[in-house]
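In: how would this look folded up:
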Amino acid sequence: MKFLDTEDPYGNISSIAISPYRLKPKSFLNAKVIDLRDREGFLLKVYFKDLAIGYSDCFVFEELSDLSLAKQKECLKTKKLTETLKKSLYFARLDANYRRNKLNAFQNILLPKNHWTMTDAQHLTEKNLSYLKDKDFHLLKIKCGKSLQDNFSFIQKNYCLLKDFNFKLRLDFNSTLSFKEALHFLESINCFFDVIDYVEDPCQFNYKNWTLLIKEMQNLKLALDHKSVFHLDELNDVKDAFLQRLIIKPAQQSLHKNILKSNTVKLDKVVFTSYMDHPFGQLCALYEAALFYQDYPMYEEYCGFLTNFLYEENAYSERLSLNKTRLTPDYSGTGFGFDELLEKESWRDICEY
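Out: Purely as a prediction, here's the structure:
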């Protein structure tokens, strides 16, 4: 579906209102977030001339080089769209189309399975693993810090426990290590590779360095976050580039179909994740992942959409449920759902900010 005219993105939009929100983290969210302050974002209410009203989310991590919310609002007012806002308007138009037809976006769509995200290593206990295993989980995503010794000790300490429960780890470093540190760390955990599914962004992406890591660690898969380190043009200039796992966050980016047809880039699997954003944003990303896997089942993998559990519960997250590792929306609403909750929001026109 063509959602916006690239020459005139606002051609079909009469006005936009927003409603700010806060999410309260239960623990540190990743290696680059250094405190437990509330995370802020805003919901969008977009009035389309040719459709109906559509809703979406805008959420940022300035720690990951996103523009601040204040600047996002200014860009929205001045019609200078960031990649984040482009996706926000894209999802709003999808939502509006479903709402106009009084349909729920998730009807008759197979939803992907997920890993469990754990930001506090202290939660890796026998009791919690037993609980997760009963829920059909077998993959844990752990946000790692810059201390290599702490990361090594964590894996060493929990190796037998993970083996006993048949769990594997997905380790996410958010590119906090240098190449030498990454190489040293991966060499040090070589004997634990059987409980590690993949290592995500151990260091900044560089084709030669990553190729060396893959060759040196033949029993380990690397995952590359499209948002922070992946550049399609860079890979198109490289012969025989191989991506073991590509991480896509639909709130911020789209997977270029060119890479699926590329003669030089060989892609193994695609892992979709939320942006640890508002539940509305989670569902937008979930929808995009489900449709992608429907069209390209050969790339399907366990995803990372269960990030609502990283925050204290709110009226929106209460509507979500968990079914055999799948994030399950409330099917009673239209579009991406939450109809009556969205009506209760305190909307203000973007021009008032």
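In: part of a strand, is Leu44?
Out: Yes - read with DSSP: H, G, I helix; E, B strand; the rest coil, Leu44 is one of the residues of a strand.
In: mind listing what it touches?
Out: 16-18, 55-58, 88-89, 92 (C-beta atoms under 8 Å, 6 or more residues apart in numbering). From N, CA and C alone the C-beta is placed, and that goes for glycine too.
In: how about a cut-off of 7 Å?
Out: Leu44 makes contact with 16, 18, 55-56, 58, 88, 92, according to C-beta atoms under 7 Å, 6 or more residues apart in numbering.
In: Kindly report the same for Leu67.
Out: Contacts of Leu67 by C-beta under 7 Å, 6+ apart are 60, 82.
In: related to what we said a few turns ago, out of the contacts of Leu44, which sit inside strands?
Out: 16, 18, 55-56, 58 (DSSP state E).
In: ok, and for whichever strand or helix holds Glu40, which residues are buried?
Out: Assigned by DSSP states H and E, Glu40 belongs to strand 39-48. Neighbour-count burial for strand 39-48 flags 39, 41-48 (criterion: 16 or more other C-beta atoms under 10 Å).
In: ok, so of those residues, who is nearest Ala285?
Out: Gly41 (13.6 Å; C-beta to C-beta).
In: In terms of pLDDT, where does the closest one sit?
Out: As predicted, Gly41 sits at a pLDDT of 97.
In: How about the one 5 residues further on?
Out: Note for Val46: predicted pLDDT of 97.
In: what does Leu320 give?
Out: 97.
In: so which helix or strand takes in Asp35?
Out: Counting by DSSP H and E, Asp35 is found in no helix or strand.
In: Would you quantify the distance from it to Pro25?
Out: Separation of Asp35 from Pro25 (C-beta to C-beta, to the nearest Å): 9 Å.
In: and if you look at Phe167?
Out: 24 Å.
In: And Pro20, which helix or strand is it part of?
Out: strand 13-23.
In: For that strand, buried residues please.
Out: Quick answer for strand 13-23 (16+ other C-beta under 10 Å): 13, 16-19, 21, 23.
In: Can you check what angle separates it from strand 39-48?
Out: In terms of direction (axes from the mean of the first three to the mean of the last three C-alpha atoms, to 10 degrees), strand 13-23 departs from strand 39-48 by 160 degrees.
In: re earlier: can I get the CA coordinates of the strand holding Glu40 in CSV?
Out: Output in CSV follows, covering the C-alpha atoms of strand 39-48 (Å, rounded to 0.1, in the frame of the first residue of the first chain):
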residue,chain,number,x,y,z
ARG,A,39,11.0,6.9,29.0
GLU,A,40,8.9,9.4,27.0
GLY,A,41,7.2,9.3,23.7
PHE,A,42,4.0,10.4,22.0
LEU,A,43,1.0,8.9,20.2
LEU,A,44,-0.1,10.4,17.0
LYS,A,45,-3.7,11.0,15.8
VAL,A,46,-3.5,11.6,12.0
TYR,A,47,-6.5,13.0,10.1
PHE,A,48,-6.3,11.7,6.5
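In: quick one: strands adjacent to it?
Out: Each strand that pairs with strand 39-48, with its direction, by DSSP bridges: strand 13-23 (antiparallel), strand 53-59 (antiparallel).
In: Include pLDDT when you put the contacts of Leu44 into JSON lines, please.
Out: Converted to JSON lines, those look like this (pLDDT from 0 to 100):
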{"residue": "Ile16", "pLDDT": "96"}
{"residue": "Ile18", "pLDDT": "97"}
{"residue": "Tyr55", "pLDDT": "98"}
{"residue": "Ser56", "pLDDT": "98"}
{"residue": "Cys58", "pLDDT": "97"}
{"residue": "Ser88", "pLDDT": "95"}
{"residue": "Ala92", "pLDDT": "96"}
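In: which of the residues you listed lies closest to Leu171?
Out: Distances from Leu171 to these, taken by C-beta to C-beta, are shortest for Cys58, at 29.0 Å.
In: Give me the number of neighbouring residues for the residue nearest to the closest one when sequence neighbours are not counted.
Out: Leaving aside its chain neighbours, Cys58 sits nearest to Ser88 (4.9 Å; criterion: C-beta to C-beta, 6 or more residues apart in numbering). By other C-beta atoms under 10 Å, the residues close to Ser88 number 28.
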